[in-house]
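> Just a sequence and a predicted model for now, questions to come.
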Amino acid sequence: MDFVSPVLDVASRICNCVGGRADHLRRLPQKLNSLRAAMEKLNNVYKDVKERVEREENLEKKRTHVVGGWMERVEAMEKEANELLDRCDEEIQKKCLGIYCSKNCRAIYKLAKMVPEKMDAVAELQSEGSNFQEVAVPMPSPRVIERPLEEKPVVGLDSPFREVWRYFQDKQVGTIGIYGMGGVGKTTLLKKINNKFLQSSIKAFDIVIWVVVSRPTNLERVQETIRSRLQIPDDRWKGSEEDDKAAEICRILKTKKFVLLLDDIWEPLDLLRVGIPPLGDGNESKIVFTTRSEDVCRGMAARKSIKVECLEEKEALSLFQAKVGEDTLNSHPDIPKLAEMVAKECRGLPLALIVIARAMASSKAPEEWERNLQKLRMHPKDVAGTENDLFSVLAFSYDCLSDEATRSCFLYCSLFPEDYQIPSERLIQLWIGEGFLDEYDDIQEARNQGGEIIQMLNRACLLEAVREEEYLKMHDVIRDMALWLACEKGKKKNKFVVKDGVGLISAQEVEKWKDAQRISLWNETIIEELREPPHFPNTETLIGYMTRSTFPSGFFTYMSNIRVLDFSGNGTLELPAQIGNLATLQYLNLSGTKIIHLPIELKNLKKLRFLILDWMFSLASFPNQMVSSLSSLQLFSMKSLSMKSPSSRLQMDEIMLLEELEQLEHINDISISLTNIQSVQRLFESHKLTRSTTSLSLVEYKGVNQVQLLSPSCIKELRLLWCDELEEVKIIHFEKQVVPSKFPNPQCCFNHLLSVEIHLCKKLLNLNWLIHAPKLQSLGIEQCEIMEKVIEDERNDGSEIESGLSVFSRLIDLTLIALPKLESIYGRALPFPSLREIHVWHCPRLKKLPFDSNICMSKQLEKIEGEQEWWDGLEWEDQTVMHNLTPIFSTP
């Protein structure tokens, strides 16, 4: 039995193997091959999914939990399948009873049964992996995304940054506008604000959203940027209309306290159309944007607008030196001083400093610095990088100006020298003379439009107003850019020729001007004598403010298209007879010249529209019938101290001049000085002359104690000078006459009057009539010996003064000098909402200023100037007013 039992056991196992299970064992190699093939397919799907995941993760997304779990199961399945295959291979190697007989037939049978199960699981994983529509989703959005800035501390933006940050703490300020000229650092400031929120201690806002708007404004792109930050899913976005997208953005932002930073806005952006919910009513979110135009700040309803200015000289030099690098600065002892000179040429504009510094960073020879400094001064476009990296960037502001007339007006400003303060009135006259504003038939309408263009250029940070906006300045780099544009981006170098104090100009240089459209010569600029008259077939403008020379003989001979000649202030000008041959001339300004005789040939200028002859104290003769021959004349100006004073050599018939002016069909703007009552009467007898006179000076009015001014009047500027006997000014109304609609309501009979100057009118008692000038902006009174009150309180003399008018509400500048008996400016306190400056000298009896407490709230008043003794002796009803005004008082 001991022998038989093992044999029977073996026989039994052999029978089992040989039975039904033998079939499994025979097909096992085939099944294993199938499993290997299935695993290979699954691995391929796995690799595809993994690559998709990695791509999405590189886009700052994260894999979904489903995909992550699937990948883990695949990796586990691969391990299990490999183990199964290895075990099966091992068992097959242990052969028994032929090819498929294993020593442990039951074990291999179990393994054989597992193979199909694994194949089913592999197939299921493969199918699942092949059907993934989405493998990754956006990662949770960070509260703020860092914006790259310079490694070193940003130069010159600490003050505006503090100001903006202060408004972040003010719940009343929701929208903040940051504006300034191109390249001044607005975007850098906005990045600095953005990165401030990276500090873990600042958690007042849920999310900070950065959007570059740029031009042209693309509302869809703005919405898409915001959508990305808010992680709005595709199923709520794709295929939606603009309004639906805005609604979705608004729905989410209403649940958050957000900061929206909008960079580079060129026109007002409709935030409601974007989907930004209105601020206020408990919404403490903030919107901050940058723009080059103050108009955009207004259009965006910014509660606070902050202007970013150019750098101070020390800051500018620091930035320039940092960009040049110490290695270059220390390469030669002359270079630091040259670097300082180059930096000054950039006038504190950060973009210019950076571009020029990059161009100089590799220049280690002082000769290179000297050459580039000369280029910057004479031909800045020739310095590496200035055209592409500087002028092209700044030119976007020019491109965005509203129309061609405004662009022409802007480029015209480049004809004036660097740092020159351009008189606003003169500039507008030149624009009109050039025809930029020809759509306006009336000169005053054109002037008004010129004023609006100046305001527009100021708000676009292309011009800067100075001295109470009477003058304008253009930043040197902006001027260089304007000249570059005027010369067709440097392609036509001599299209605009501007020479300032360059000394002698050779005939060869003048020959190059034959293609010039505009020529502007200033200060110590001298043109050498020419062998033959030069040709200027394309020249439309010639400005000649030369202090040491006149023009060579024959210079004006061949100017077939000349439109504007401005020689104002040229002390050496000799006007040749050939000037009368300039048939196309429309504007001639000879103000301040020392011309003795006006050539009779001027009467040939049939197209002349502007003739300006102010302050020509050397003028000795004025041709009869010259003015009446100028059939197109619209503006005539002849301001002077007196036509018969010792300071003037001119003796002329004022009435004859007025009659010649009256004959002109198109005249509608006259500035004139008159010296006798007959001339004034003749002026006011003519409706045409009355409505055309905008500036009137009454000078050395002898033997007359009363001046009668006709009302209503279009006079903007009135001057009473050296009228020794004058005691009062009376107003005479038109009676029973048809008054042109141009005149205002008689109650505001001097509705156009802006400036009044009174000088040496020793017997003048007061200026009560000024209550009829509600728009008066400037008042100067000097050496009126018996004047006690400028204006009496209307309540004291209602029979003479109409009540209800706004007295001095537009007054900007008040000057009182040498008025020994003056006790009062006005009988009671006034708010003076527009007043900026007061100058009081030698007025010992003036003990009170007519200010009420509102003057303390005015942000306009900037300066009070006078003697310290006078200031200390002033009497105040409200000491608070005195304390608030003391900081702005000064005495030279």
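Sure, I can see it. Residues are numbered from 1 along each chain as shown.

> so where is the stretch 1-150 of the chain shaky, pLDDT-wise?
When residues are selected by pLDDT under 70, those of the stretch 1-150 of the chain lie in 1-26, 94-105, 107-108.

> And the chain, by the same measure?
By pLDDT under 70, the low-scoring segments of the chain are 1-26, 94-105, 107-108, 151-153, 468, 641-651, 734-748, 793-805, 854-858.

> quick one: contacts for Gln517?
Under the criterion of C-beta atoms under 8 Å, 6 or more residues apart in numbering, the contact partners of Gln517 comprise 495-496, 538-541. (C-beta placed from N, C-alpha, C; glycine too.)

> Just those residues: which are in strands?
Judged by DSSP state E, the contacts of Gln517 include 496, 541 as members of strands.

> Of the contacts of Gln517, select the buried ones using a PyMOL command.
Here is the PyMOL command that selects the buried residues among the contacts of Gln517 (16 or more other C-beta atoms under 10 Å):
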select buried, resi 495+496+538+539+540+541
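
> Using JSON lines, please lay out the contacts of Gln517 together with distance to Cys346.
Converted to JSON lines, the contacts of Gln517 look like this (distance: C-beta to C-beta, whole Å):
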{"residue": "Lys495", "distance to Cys346": "25"}
{"residue": "Phe496", "distance to Cys346": "22"}
{"residue": "Asn538", "distance to Cys346": "33"}
{"residue": "Thr539", "distance to Cys346": "32"}
{"residue": "Glu540", "distance to Cys346": "32"}
{"residue": "Thr541", "distance to Cys346": "29"}
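
> nearest to Pro850, of the contacts of Gln517?
Within the set of the contacts of Gln517, Thr541 lies nearest Pro850; the separation is 47.6 Å, counting by C-beta to C-beta.

> what's the closest non-adjacent residue to that closest one?
Spatially, and ignoring its direct neighbours in sequence, Thr541 is nearest to Arg518 (3.9 Å; C-beta to C-beta, 6 or more residues apart in numbering).

> quick one: the strands in the stretch 351-500 of the chain?
For the stretch 351-500 of the chain, strands defined by DSSP state E, counting those that start in this stretch occupy the ranges 422-423, 464-466, 471-473, 496-500.

> can you list contacts of the first one?
If you take C-beta under 8 Å, 6+ apart as the criterion, strand 422-423 is touched by 413, 416, 470-474.

> do the same with the third one
Taking contacts as C-beta under 8 Å, 6+ apart, the residues outside strand 471-473 that touch it are 413, 419-424, 427, 454, 458, 463-466.

> The helix or strand hosting Glu220 packs against which elements?
Glu220 is part of helix 219-230 when elements are defined by DSSP states H and E. Applying 3 or more C-beta pairs under 8 Å, 6 or more residues apart in numbering; DSSP states H and E, one finds that helix 219-230 makes contact with strand 207-212, helix 242-253, helix 271-274.

> Put the alpha carbons of that helix into CSV.
Coordinates of the C-alpha atoms in helix 219-230 are reproduced here as CSV (Å, rounded to 0.1, in the frame of the first residue of the first chain):
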residue,chain,number,x,y,z
LEU,A,219,-13.5,94.7,-25.6
GLU,A,220,-13.6,91.0,-26.4
ARG,A,221,-9.9,90.7,-25.5
VAL,A,222,-10.4,92.6,-22.2
GLN,A,223,-13.3,90.3,-21.3
GLU,A,224,-11.1,87.2,-22.2
THR,A,225,-8.3,88.4,-19.9
ILE,A,226,-10.7,88.9,-17.0
ARG,A,227,-12.4,85.5,-17.7
SER,A,228,-9.0,83.8,-17.5
ARG,A,229,-8.3,85.3,-14.1
LEU,A,230,-11.7,84.4,-12.8
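
> among the strands of the stretch 351-500 of the chain, which is nearest Leu279?
Nearest of the strands of the stretch 351-500 of the chain to Leu279, taken as C-beta to C-beta: strand 464-466 at 31.1 Å.

> So for the closest one, what gets flagged as buried?
Residues of strand 464-466 classed as buried under the neighbour-count rule (16+ other C-beta under 10 Å) are Glu464.

> and Gln681, that's in a helix?
Yes. Looking at Gln681 with DSSP: H, G, I helix; E, B strand; the rest coil, it is inside a helix.

> count of neighbours near it?
Under the neighbour criterion other C-beta atoms under 10 Å, Gln681 is assigned a count of 13.

> ditto for Thr694
Taking other C-beta under 10 Å as the criterion, the count of residues near Thr694 is 23.

> my guess is it contacts Lys716, does it?
Yes. Under the criterion of C-beta atoms under 8 Å, Thr694 is in contact with Lys716, at a separation of 4.8 Å.

> I'd assumed Gly182 was in contact with Leu394.
Yes. Taking contacts as C-beta under 8 Å, Leu394 lies within contact range of Gly182: 4.5 Å.

> With distance to Leu613 added, can I get the strands of the stretch 351-500 of the chain in JSON lines?
Rendered in JSON lines, the data for those read as follows (distance: least, C-beta to C-beta, whole Å):
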{"stretch": "strand 422-423", "distance to Leu613": "17"}
{"stretch": "strand 464-466", "distance to Leu613": "27"}
{"stretch": "strand 471-473", "distance to Leu613": "22"}
{"stretch": "strand 496-500", "distance to Leu613": "25"}
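
> quick one: which of these is nearest Glu80?
Comparing the strands of the stretch 351-500 of the chain against Glu80 with C-beta to C-beta, the closest turns out to be strand 464-466 (78.7 Å).
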